[in-house]
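**Q** Below are the sequence and a predicted model; questions follow.
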Amino acid sequence: MFKEIPIKRPKTPLLDNIDSPEDLRALPESQLQQLTAELREFMLYSVGQTGGHFGAGLGVVELTVALHYVYQTPRDRLVWDVGHQTYPHKILTGRREAMSGMRQLGGLSGFPKRSESMFDTFGVGHSSTSISAALGMAMSAEMSGHDSKTVAIIGDGAMTAGMAFEAINHAAHAETDMLVVLNDNNMSISRNVGGLANYFAKIWASKFYNSLREGSKRVLTKIPQAWEIARKTEEHMKGMVSPGTLFEELGFNYVGAIDGHDLERLVHDLRNLRDIKGPKLLHIITRKGKGFEPAEADPVGYHALNKIEPATKVQVAVDSKATAKKPVRKKLKYQQVFGDWLCDMAAADERLVAITPAMCEGSGMVEFSQRFAQRFHDVAIAEQHAVTLAAGMACEGAKPVVAIYSTFLQRAYDQLIHDIAIQNLDVTFGIDRAGLVGEDGPTHAGSFDMTYLRCVPNMIVAAPSDENECRQLLYTAYQFEGPAAVRYPRGTGTGSKIQRAMRALPVGEGVVRQQGKRVAILSFGTLLANALQAAEALNASVCDMRWVKPLDESLIARMATEHELLVTLEENTVSGGAGSAVNEYLAGIGVVMPVLNLGLPDAFIEHGKHAQLLASVNLDADGIQRSIRQRLALLDGARSEAV
């Protein structure tokens, strides 16, 4: 059991010789336990150097070793779900030395990525996709006559999504040869009921039992009544000592629950299950953060880890002038701004209910969940259900607030349109992680919400520029009697002073932040600070537009009249975004003038620090200024040629 994260690279003699799963399979089984200890220690070290997801990977060390030891990867397919379980998998599949660049610009992704390794069979960012993807792979292998095996490893709450059960239902119907490993690391399905369950699990995984089962099935199916009695007897026996009845009813051969840290047992059962045909489910119990004492005690707090900086002693010269400096205002995360507003709003309005699809901590809702427990609903990883649940509540007079990541709301787009917008229901969306999210990369980037929200009738969509504006626009959206969304980014803002008093801002009205000449920058969202910095050098006007829908049309018309060039700025894809809305409005009123749309390009932006990514797409202050100067140069050149 580790209590501290090693600062120096640990000695890992076995692991250092594992450059592929083939090397792993060359080891005698007696050395696997030592390998898991080295793997866990190396993972602690590497994540301590770079930061990243933490607890889930520690919990699947034994499972990862066992899977690669038993199955002929990459010929056999492993599909991981959710993706942050895969750090041990990456270390064992030739990426050990590259772990030092994990989640950094140009380095390894924090999730499985097909372009990164042939061992990453399916890209994963959102959860609950593994069974569907693995089923597709298994069915394709059968069609092609390949005898490769397919395993879906689903865990860390991913089984709570309806998509997982849709896939299970189809797999059973198709009778496809595949294995689902249910990594139960939160005791979320059931507790292990002890020695009896363990004993029967061994029997159910054995070749003898399964050959007897299949032989009996062939004989007894000719006598329907006898087969039905035998089937029910087996089902009830399993139901008494395990939670497998549900999966058996769905058509899976269920084995479990077993200790997912018992390496010898895992290898034994996986070997048996590998050779059994048809859909199978192995239920294992693991401990998130296994092997690192603080993470075992606080699996939520250690879900991910920041980079560990070595402690250093710094001598600081202090004088009277230094101590007299004005204190710097602490920057708040937007998630805290949302959480504070939610509590304040709930205290003022007892109709408010808050809904989240398993993002309580990430969305800043912990305090609300404690203070207003009866009005807090975490529906697990079920985004579609979360949105329609809110619709049902709104029908009966409640005021639901749905806290959801931008990229996760994409999953519930149908419900947003059909269940809320068409019925014009009073639901407020706090859309978290809007824009680029840095180290988590394209699977988690909120690159499209302005585009996919502004085309929905009855919706209003706000894009605050700082923390205080976020609070006031949340209040404004909540007061609006209909579907309303406020989108805000991950992390800290500019440090703007928060006004505790809440006031409704005029819907669809922006504000001029700086008056200049020739160029007017229409800024949507939190790139306003970059716009102001660029405008300072250009003597440009800057408007904080605040609203993507409805647009402040009068402000746009005035800026078009007073300037030679309009520039739209957004941390959203240019395609169909806020800039497109401005273009559509100008075309609609017959205004023909130069417009420069700045935003995210038509590409998926890879992972890295947020500032690095903004610079890479010219959305930092220098990039904005450079893009505007280039367009002005083209305009001046065209004017000179005309003369």
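**A** Nice, I can see it. Numbers count the residues shown, from 1 in each chain.
**Q** Residue 444 touches residue 432, doesn't it?
**A** No: counting by C-beta atoms under 8 Å, residue 444 sits too far from residue 432 to count as a contact (10.5 Å). C-beta coordinates here come from the backbone N, C-alpha and C atoms, glycine included.
**Q** quick one, which of those two is more surrounded?
**A** residue 432 (27 against 22; other C-beta atoms under 10 Å).
**Q** Okay, that one and residue 157: tell me how far apart.
**A** From residue 432 across to residue 157, the span is 18 Å (C-beta to C-beta, to the nearest Å).
**Q** Same question for residue 447.
**A** According to C-beta to C-beta, residue 447 and residue 157 sit 25 Å apart.
**Q** Could you check which of the two is surrounded by more residues?
**A** Between residue 447 and residue 157, residue 447 has the larger neighbour count (other C-beta under 10 Å), namely 25 against 18.
**Q** which residues touch residue 486?
**A** Residue 486 sits next to 428, 429, 430, 431, 461, 462, 463, 464, 470, 473, 474, 477 when contact means C-beta atoms under 8 Å, 6 or more residues apart in numbering.
**Q** List the residues that contact the nearest residue to the fourth one once chain neighbours are set aside.
**A** To tie it back to what came earlier, the one meant is residue 431. Nearest residue to residue 431, sequence neighbours excluded (C-beta to C-beta, 6 or more residues apart in numbering): residue 487, at 4.1 Å. Neighbour list for residue 487: 406, 431, 434, 446, 449, 450, 453, 461, 462, 463, 525 [criterion: C-beta under 8 Å, 6+ apart].
**Q** Name the nearest residue to residue 564, sequence neighbours excluded.
**A** Residue 564's closest residue in space is residue 518 (C-beta to C-beta, 6+ apart), at 5.0 Å.
**Q** cool, and residue 499?
**A** Setting aside the residues directly before and after it, residue 499 is nearest to residue 468 in space (C-beta to C-beta, 6+ apart), at 5.6 Å.
**Q** about what we covered before: just checking, the residue nearest to residue 564 touches residue 562?
**A** No: Residue 518 is beyond contact range of residue 562, at 9.6 Å (criterion: C-beta under 8 Å).
**Q** what's around the residue nearest to residue 564, how many residues?
**A** Counted with other C-beta under 10 Å, residues neighbouring residue 518 total 15.
**Q** for whatever helix or strand residue 583 lives in, what is the average pLDDT?
**A** Using DSSP states H and E, residue 583 sits in helix 578-588. Helix 578-588 carries an average pLDDT of 97.
**Q** picking that back up, which residues does the residue nearest to residue 564 contact?
**A** 538, 539, 540, 563, 564, 565, 632.
**Q** Give me the pLDDT for the last one.
**A** Each residue has a pLDDT score; the one for residue 632 is 93.
**Q** doesn't residue 519 make contact with it?
**A** Yes: Residue 632 lies in contact with residue 519 (C-beta under 8 Å); the separation is 7.2 Å.
**Q** So for those two, which residue has more residues nearby?
**A** Set side by side, residue 632 and residue 519 show more neighbours around residue 519, with 24 against 18, by other C-beta under 10 Å.
**Q** how close does the residue nearest to residue 431 sit to residue 460?
**A** Taking C-beta to C-beta, one finds residue 487 at 12 Å from residue 460.
**Q** With residue 630 instead?
**A** Residue 630 sits 35 Å away from residue 460, going by C-beta to C-beta.
**Q** what about the two, which has more around it?
**A** residue 460 (20 against 12).
**Q** Please name the bridge partners of the more buried one.
**A** residue 484 (DSSP bridges).
**Q** returning to what we had before: pLDDT score assigned to the residue nearest to residue 431?
**A** For residue 487, pLDDT reads 98.
**Q** Now it: phi and psi?
**A** The phi/psi pair for residue 487 (degrees, to the nearest 10) reads phi -110, psi 140.
**Q** Neighbour-wise, give me the winner out of the contacts of residue 486.
**A** Top of the contacts of residue 486 by neighbour count (other C-beta under 10 Å): residue 463, with 33 neighbours.
**Q** That one contacts residue 546, doesn't it?
**A** Yes: in this structure, residue 463 is within contact of residue 546 by C-beta under 8 Å, at 6.8 Å.
**Q** one step back: let's test this: mean pLDDT of whichever strand or helix holds the residue nearest to residue 499, rounded?
**A** Here residue 468, judged by DSSP H and E, is contained in helix 467-479. Per-residue pLDDT over helix 467-479 has a mean of 97.
**Q** ditto for stretch 421-432
**A** 96.
**Q** Between the two ends of that stretch, how far is it?
**A** Distance across stretch 421-432, first residue to last, is 20 Å (C-alpha to C-alpha, to the nearest Å).
**Q** Pass me the low-pLDDT residue ranges in the stretch 51-200 of the chain, would you?
**A** The model of the stretch 51-200 of the chain has pLDDT under 70 over residues 52-54, 156, 186-200.
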